[in-house]
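*Asks:* Show me the folded form of this:
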Amino acid sequence: MFEKLFKLHENGTNVKTEVMAGITTFMTMVYILAVNPNILGASGMDRGAILSATAIASAIACFAMAALSNKPFALSAGLGLNAYFAYTICGSMGYHWQAALTAVLLEGLIFIFMSLTNIRETIFNAIPLTLKTAVSVGIGFFITFIGLQNAHVIVDGSTLVTLYSFSAALKNGTFVTEGITVLLALIGTVITAWLLIRGVKGYMLWGIVITWVLGIICEFTGLYVPVPEAGFYSVIPSAIVSAPASLAPTFFKFDFAFVTEHFGDFALMVFAFLFVDIFDTLGTVIGCASKANMLDEKGHLPGIRGVLMADAIGTTIGACLGTSTITTFVESSSGIAEGGRTGLTTCTVGGLFVVSLFLAPLFLTIPSFATAPALIIVGFLMMQQVKDIDWQNLTEALPSFVTLTMMGFAYSISEGIAFGFISYALLKILGGKAKEVSPLMYVLSVLFLLKYILI
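*Replies:* The predicted structure is shown next:
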């Protein structure tokens with residue numbers, strides 16, 4: 001049955017590999033079930049309803065991805081977009097969350113239209129192959145940075161970011177809270193790397209589980225002391241099963257009157273959601289597809305319409321349930337690194353999101369220091385593609401360099417793509433190679449410039 005549905009043999013995989021890849025992907029992205037309610041809750045939304053909405057919308061989007069594209073790309077509520085929802089629209093702009101949710105709904109509907117009419121697919125195909133490679137490498141850089149930050153190996157400092165100081169932790173008494181988790185993350189990274197070198201199947205999942213178990217041992221022995229008010233929670237599950245929270249507080253809570261009363265601000269909200277989401281999604285799809293060797297010789301992804309449609313459906317349904325934009329997750333690359341190649345991987349992730357509705361206490365206990373090693377190793381694997389960039393062709397190499405560095409330094413996939421597009425068009429013109437750039441790339445570059453000028 002699985003062979004017929006997912007064409008496993010054709011894609012060089014099997015059920016065991018796909019399921020293991022799905023579990024690995026889910027383990028690296030399950031943090032969203034804790035993070036999204038915390039962020040959107042700042043807007044006044046019910047946190048329990050947000051968790052249920054996030055899990056259900058993520059599951060539906062993952063099943064849609066499997067059905068429409070048979071690709072191993074998992075989806076959930078996008079970070080950054082949820083922050084814009086809560087802290088900009090409902091914070092600095094002062095509007096209520098029902099208005100923001102209405103903007104997310106319209107964004108999803110527009111994306112469905114764009115996917116049906118091939119607009120998003122045309123944009124994807126217009127991106128030069130070199131930039132697609134740079135996007136993949138940049139995502140590797142970006143996801144490594146996320147892993148290091150999640151583990152507190154890299155922290156805020158006088159130089160914007162700095163290395164965590166163990167000596168300072170020992171002096172001020174925070175080693176048993178933050179310091180030990182940093183040490184466990186580093187140990188977990190070494191363990192995961194060793195499992196990779198040894199060729200152990202499921203090495204990433206094993207790395208997460210082993211690091212988590214080490215954390216449990218440290219808490220039992222007093223080496224790790226949870227301090228919830230400082231953001232360091234118990235790694236020992238207090239419960240395993242719980243009833244899902246009701247969706248009633250957020251279900252279909254739209255404010256369509258806001259559209260006419262504040263049309264200018266509403267249009268700005270929708271445009272911001274659209275602009276960030278479309279290029280975050282395209283960047284993630286490019287990176288993950290490139291890692292899985294799914295791009296053809298022209299850099300196109302067969303079946304991309306289904307991928308983008310699943311993304312659009314997820315956002316629309318998510319808005320109806322009560323959560324911010326659903327988008328393709330860069331953590332999908334962890335499952336791809338485990339060998340995931342089909343929709344069975346994504347179905348596994350979707351199934352686990354359904355299960356998480358009832359096992360929320362268990363999944364929410366997985367600490368970030370346990371998943372950080374997986375993200376760091378995935379970053380290493382994705383950055384290996386840097387060798388495919390033609391570093392001798394400066395009009396190709398320089399925009400690639402700009403793309404991959406800006407993703408990490410700006411902490412945004414879409415910003416990296418924006419700087420890459422602008423620099424690509426500009427340097428091709430200055431290098432006397434303007435004809436090598438497609439008209440759509442020029443249009444997109446101008447739009448990016450206008451975004452920085454007007455928004």
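*Asks:* Mean confidence (pLDDT) on stretch 213-220, please.
*Replies:* Mean per-residue pLDDT for stretch 213-220: 96.
*Asks:* what do you get for stretch 145-165?
*Replies:* 89.
*Asks:* Give me the buried stretch members for it, please.
*Replies:* Phe145, Ile146, Gly147, Leu148, Gln149, Asn150, Ala151, His152, Val153, Ile154, Tyr164 (16 or more other Cβ atoms under 10 Å). Every C-beta, even on glycine, is put in place using the N, C-alpha and C of the backbone.
*Asks:* From start to finish, how long is stretch 324-335 in a straight line?
*Replies:* Distance between the two ends of stretch 324-335: 24 Å, counting by Cα to Cα, to the nearest Å.
*Asks:* what is the rounded mean pLDDT of it?
*Replies:* Mean predicted lDDT for stretch 324-335 stands at 90.
*Asks:* Centre of the chain to that stretch, how far?
*Replies:* Distance of stretch 324-335 from the chain centroid (Cα atoms, centre = their mean, to the nearest Å) equals 4 Å.
*Asks:* mind listing what's buried in it?
*Replies:* In stretch 324-335, counting by 16+ other Cβ under 10 Å, buried: Ser324, Thr325, Ile326, Thr327, Thr328, Phe329, Val330, Glu331, Ser332, Ser333, Ser334, Gly335.
*Asks:* Could you tell me which of the buried residues of stretch 145-165 are located in helices?
*Replies:* Phe145, Ile146, Gly147, Leu148, Gln149, Asn150 (DSSP state H).
*Asks:* Can you lay out those as TSV showing distance to Pro72?
*Replies:* TSV is the format used below for those (distance: Cβ to Cβ, whole Å):
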residue	distance to Pro72
Phe145	23
Ile146	20
Gly147	20
Leu148	25
Gln149	25
Asn150	22
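*Asks:* Which single one of these is nearest to Lys428?
*Replies:* For those, the residue nearest Lys428 by Cβ to Cβ is Phe145; the value is 28.9 Å.
*Asks:* any low-confidence regions in this structure?
*Replies:* Counting by pLDDT under 70, the chain has low-confidence residues at 455.
*Asks:* So it: which segments form each domain?
*Replies:* 10-142+241-380, 390-455 (automatic domain parsing).
*Asks:* Quickly note the distance from the closest residue to Trp97 other than its chain neighbours to Ser76.
*Replies:* Leaving aside its chain neighbours, Trp97 sits nearest to Ser43 (4.1 Å; criterion: Cβ to Cβ, 6 or more residues apart in numbering). Distance, Ser43 to Ser76, by Cβ to Cβ, to the nearest Å: 18 Å.
*Asks:* Where is the longest helix in the chain?
*Replies:* Counting by DSSP H, the longest helix found in the chain is helix 263-291.
*Asks:* just to revisit the earlier point, between which two of the ones in helices among the buried residues of stretch 145-165 is the distance greatest?
*Replies:* For those, the farthest-apart pair by Cβ to Cβ is Phe145 and Asn150; their separation is 9.6 Å.
*Asks:* Now do the helices in the stretch 51-200 of the chain.
*Replies:* 81-83, 97-116, 119-126, 129-150, 166-172, 180-197 (DSSP state H, counting those that start in this stretch).
*Asks:* for the spatially most central residue of the chain, what are its contacts?
*Replies:* Geometric centre of the chain, nearest residue: Phe329, 3.2 Å, by Cα atoms, centre = their mean. Phe329 is in contact with Thr25, Met29, Ile32, Phe73, Ala74, Leu75, Ser76, Gly78, Thr284, counting by Cβ atoms under 8 Å, 6 or more residues apart in numbering.
*Asks:* looking at it, Trp212 is touching Pro373, isn't it?
*Replies:* No: contact criterion Cβ atoms under 8 Å: Trp212 and Pro373 do not qualify, at 10.6 Å.
*Asks:* more neighbours, those two?
*Replies:* Neighbours were counted for Trp212 and for Pro373 using other Cβ atoms under 10 Å; Pro373 has more, 27 against 20.
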